[in-house]
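Participant: Predicted model and sequence below, questions to follow.
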Amino acid sequence: MTKAHITAAFLFGTFTLVVLSMAWLSPAISADEGAPAIGGSAFAPTVPNKLPVPNNAPNGMVWIPGGEFSMGCKLPSTGYCTAATMNAVNDAQPIHRVYVDGFWMDKTDVTNEEFAKFVSATGYVTGAEIAPTKEQFPTAPAENLVAGSVVFTPTAQPVPLNDYSQWWRYVRGANWRHPTGPDSDLQGKEKYPVVQVCYTDAVAYAKWAGKRLPTEAEWEFAARGGLSGKTYAWGDELKPAGRWMANTYQGQFPVKDTGNDGFAGLAPVAQFPPNGYGLYDMAGNVWQWCSDWYRPDYYTWLKLAGVIVARNPPGPDSSYNPDDDQPQHVQRGGSFLCTDQYCTRYMMGTRGKGDFDTGNNNVGFRCVISANSWQAVVSEAARN
């Protein structure tokens, strides 16, 4: 079951589940026979590119040098390993070598303030602000064809964690301006990450800004901050010296987030220390959209195809998830709802996914731009 089915449940009063068949992957990945072979569990050192940092940094962005690294996730070797932790690594293996070129990346997730400028300049209307149509849902009652989105709703008491429709619900009027419904707004939250944006909305913003969404490989290289094989973006301890390093969920899920990390629910951007590349919130707070289609078997396919080092991989050619009938894109980083009771995908290398046309109140995004693309912008500005 996925969040798309929660929307369907609101429209029809029922849930549906369709299992898709396998589809062919893109052969666009290249192999480098001079590199070490793919391993199932070993991390090799990250080898960053040694090129100098380009001049004229884009506003609000940091340089990510790119290079070769080990991508994926393995179970932590220390600490208590929960069922949620074991489940989180299922689609993040085998660990494999990847190379990415250098690029610029936003220091933080795109904020409400930044997204509002985009909407003001373009008149863009997000997916959550558009009502479903009779053509899309011909058998849905007309009174249910209303704009809205999916919102996390705490339960009144502990519940079994095998059915997330218990804590996610479709809310009329929920959108980026009203993240949890009509009674919420953005007053005083200009520096919070924009949420309730679907993949299509994120792509539209990125194009307007002259940027793009990161590939999954770019995102993970950047998130690791130059470290190799660490459990988290900052190292192997969840709370080094007792210090919280990310906005996650404390307390009994999904009843009450006690906010031991300083925030019960969503936090403004950049409230925790940056990683080694100067990036904030690469774990927790909000999930971040990536450009890749999602497939749980993608890493396995790379190994079976004999790929030694995947160079600038764009991801698979199509989406496949046996638990969802909607096309899905990769999400990374986890959110303020992640907890070792249910979802530990704030762990480095773990993967998330979301229906391309669905947003919710714990998903946002950040953008990247290649060195060549930014240089072209700088050169054009100089000519003018």
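Facilitator: Noted; the coordinates are in hand. Residues are numbered from 1 along each chain as shown.
Participant: For the rest of this, base every contact and every neighbour count on C-alpha atoms.
Facilitator: Will do.
Participant: contacting residues for the residue nearest to residue 218 when sequence neighbours are not counted?
Facilitator: Using Cα to Cα, 6 or more residues apart in numbering and skipping the chain neighbours, the partner closest in space to residue 218 is residue 100 (6.4 Å). For residue 100, the contact set (Cα atoms under 8 Å, 6 or more residues apart in numbering) comprises 66, 67, 68, 217, 218, 221, 311, 312, 313.
Participant: in the sheet, who's paired with residue 100?
Facilitator: Beta-bridge pairing for residue 100 (DSSP bridges): residue 67.
Participant: Show me what the lengthiest strand in the chain is packed against.
Facilitator: For the chain, the longest strand by residue count, based on DSSP state E, is strand 287-293. Strand 287-293 makes packing contacts with helix 216-224, strand 328-332, strand 363-364 when contacts are defined by 3 or more Cα pairs under 8 Å, 6 or more residues apart in numbering; DSSP states H and E.
Participant: so which of those comes closest to residue 340?
Facilitator: Closest of the helices and strands packed on strand 287-293 to residue 340 is strand 328-332, at 16.7 Å (criterion: Cα to Cα).
Participant: Dump the helices and strands packed on strand 287-293 into TSV; add distance to residue 74, mean pLDDT and mean neighbour count as well.
Facilitator: Formatted as TSV, these follow (distance: least, Cα to Cα, whole Å; pLDDT from 0 to 100; neighbours: other Cα atoms under 10 Å):
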stretch	distance to residue 74	mean pLDDT	mean neighbour count
helix 216-224	14	98	26
strand 328-332	16	98	25
strand 363-364	24	98	26
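Participant: I'd like the ones you listed as CSV, with distance to residue 263 appended.
Facilitator: Shown next, in CSV, are the helices and strands packed on strand 287-293 (distance: least, Cα to Cα, whole Å):
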stretch, distance to residue 263
helix 216-224, 22
strand 328-332, 20
strand 363-364, 17
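Participant: For residue 260, find the nearest of the ones you listed.
Facilitator: Taking those one by one with Cα to Cα, strand 363-364 is closest: 21.4 Å.
Participant: one step back: among the helices and strands packed on strand 287-293, which comes closest to residue 116?
Facilitator: For the helices and strands packed on strand 287-293, proximity to residue 116 was assessed by Cα to Cα; strand 363-364 is nearest, at 13.9 Å.
Participant: got the residue ranges for the strands in the stretch 251-384 of the chain?
Facilitator: 287-293, 309-311, 328-332, 352-355, 363-364, 368-370 (DSSP state E, counting those that start in this stretch).
Participant: Ranking helices and strands of this protein by mean pLDDT, which lands last?
Facilitator: helix 3-12 (a mean of 53; mean pLDDT, DSSP states H and E).
Participant: Show the subsequent helix or strand relative to that helix.
Facilitator: strand 47-48 (DSSP states H and E).
Participant: Who are the packing partners of the helix or strand just after that following strand?
Facilitator: Using DSSP H and E, the next helix or strand after strand 47-48 towards the C-terminus is strand 61-64. When contacts are defined as 3+ Cα pairs under 8 Å, 6+ apart, strand 61-64 packs onto strand 103-106.
Participant: picking that back up, show me the one of the helices and strands packed on strand 287-293 that comes nearest residue 350.
Facilitator: Judging those by Cα to Cα, what sits closest to residue 350 is strand 328-332, at 7.4 Å.
Participant: sorry, back to before: distance to residue 147 added to the strands of the stretch 251-384 of the chain, as TSV?
Facilitator: Putting the strands of the stretch 251-384 of the chain into TSV (distance: least, Cα to Cα, whole Å) gives the following:
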stretch	distance to residue 147
strand 287-293	22
strand 309-311	41
strand 328-332	21
strand 352-355	17
strand 363-364	18
strand 368-370	30
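Participant: Which among those strands is found nearest to residue 181?
Facilitator: Of those, nearest to residue 181 by Cα to Cα is strand 363-364, at 15.4 Å.
Participant: That closest one - which strands sit beside it in the sheet, and in what orientation?
Facilitator: If you go by DSSP bridges, strand 363-364 pairs up with strand 287-293 (parallel).
Participant: Just want the angle from the partner strand to strand 328-332.
Facilitator: Computed by axes from the mean of the first three to the mean of the last three Cα atoms, to 10 degrees, the angle separating strand 287-293 from strand 328-332 equals 140 degrees.
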